[in-house]
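# sequence first, then the predicted structure, then my questions.
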Amino acid sequence: MTGVRTLLLLLFLGSFAVAQTPEDVFEVGNEHYRAARFREAIGAYESILKQGYVSAPLYFNLGNAYYRVGDIARAILSYERARILDPGDPDIAFNLRLANLRAPDRIDAVPELFLVRWFRSISEAVPPSTVSVVLLACWVLLWTILSVLNIAGRIPYERPLRILSVVTAVMVLVSGTLYGLQMYDNASRNDAIILESVVTAKASPDEQSVDTFVIHAGLKVELGEVVGDWVRITLADGKVGWIRSDACERIEGI
């Protein structure tokens, strides 16, 4: 009888757990975090992800919990995923910079032209949805002004309207370029975070090949060709090497 009662109790508790919503589990994770039970918080947040639910606050809190237990690599991975979902959030950007300061590797990126760097900084700070709304609004306004000028001919406010049309055309050009850059980056994004503490990159996808460089957990790399269990990576400074696929995790795997 004891075994039956235990089984029934477990079945009851199991059904209760299944009945919990992701919001309930998220709040449980937050309670664990506030009580400094960071590993329990990680378990709660990860369980929500396993159910297929994702959000910027979820990844942000998961990154905070990983940071507090000293797993900087997974903290960075979580913050990067949070930033994809909410690129304009200043708290996410700040915590990501803070976590990157604790990562062992410091690799200077290949210098970009000022204009490209400027566009990229805006692209990372403003969500594509916002840029698309600005682009559409400016496009509609531009054609409205041009239509008025074309149909009405000479009107009292012709000069201000022509100036406004030029400004709007520039806004269409800038927002269109920015939106195109965001779409290109989203389509071509294939970055990953190194999770193993120390990784030795090889010159070819072979354990016996020549060592090229050593990298550490928390470093962001660009993924390339995959051969069996190996993947080619490119560092920010342009160095290329091959590592085991399980040594890193793709950021876009959300």
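Okay, I see it.
# C-alpha only now, for contacts and for neighbours.
Will do.
# where do the helices of the stretch 151-254 of the chain begin and end?
Here the stretch 151-254 of the chain has its helices, by DSSP state H, counting those that start in this stretch, at 158-188.
# can you give me the strands in it?
Assigned by DSSP state E, counting those that start in this stretch, the strands in the stretch 151-254 of the chain fall at 191-194, 198-202, 211-216, 220-227, 230-234, 240-244, 248-250.
# now tabulate these in JSON lines and tack on distance to Arg39.
Below are the strands of the stretch 151-254 of the chain laid out as JSON lines (distance: least, Cα to Cα, whole Å):
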{"stretch": "strand 191-194", "distance to Arg39": "21"}
{"stretch": "strand 198-202", "distance to Arg39": "23"}
{"stretch": "strand 211-216", "distance to Arg39": "23"}
{"stretch": "strand 220-227", "distance to Arg39": "24"}
{"stretch": "strand 230-234", "distance to Arg39": "31"}
{"stretch": "strand 240-244", "distance to Arg39": "27"}
{"stretch": "strand 248-250", "distance to Arg39": "20"}
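# would you turn these into CSV with mean pLDDT, distance to Cys138 and mean neighbour count?
Below are the strands of the stretch 151-254 of the chain laid out as CSV (pLDDT from 0 to 100; distance: least, Cα to Cα, whole Å; neighbours: other Cα atoms under 10 Å):
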stretch, mean pLDDT, distance to Cys138, mean neighbour count
strand 191-194, 95, 33, 22
strand 198-202, 96, 48, 18
strand 211-216, 96, 46, 15
strand 220-227, 94, 35, 18
strand 230-234, 96, 38, 20
strand 240-244, 96, 42, 22
strand 248-250, 95, 36, 21
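# quick one: which of the ones you listed is nearest Val167?
Taking Cα to Cα, strand 191-194 is the member of the strands of the stretch 151-254 of the chain nearest to Val167, at 36.6 Å.
# so what touches stretch 96-104?
Residues from elsewhere that reach stretch 96-104, judged by Cα atoms under 8 Å, 6 or more residues apart in numbering: 67, 72-73, 75-76, 79-80, 216-219.
# now that stretch: buried residues?
In terms of neighbour count (16 or more other Cα atoms under 10 Å), stretch 96-104 has its buried residues at 96, 99-100.
# going by distance to Ser165, which of the residues you listed wins?
Using Cα to Cα, Leu96 comes nearest to Ser165 of the buried residues of stretch 96-104, at 40.2 Å.
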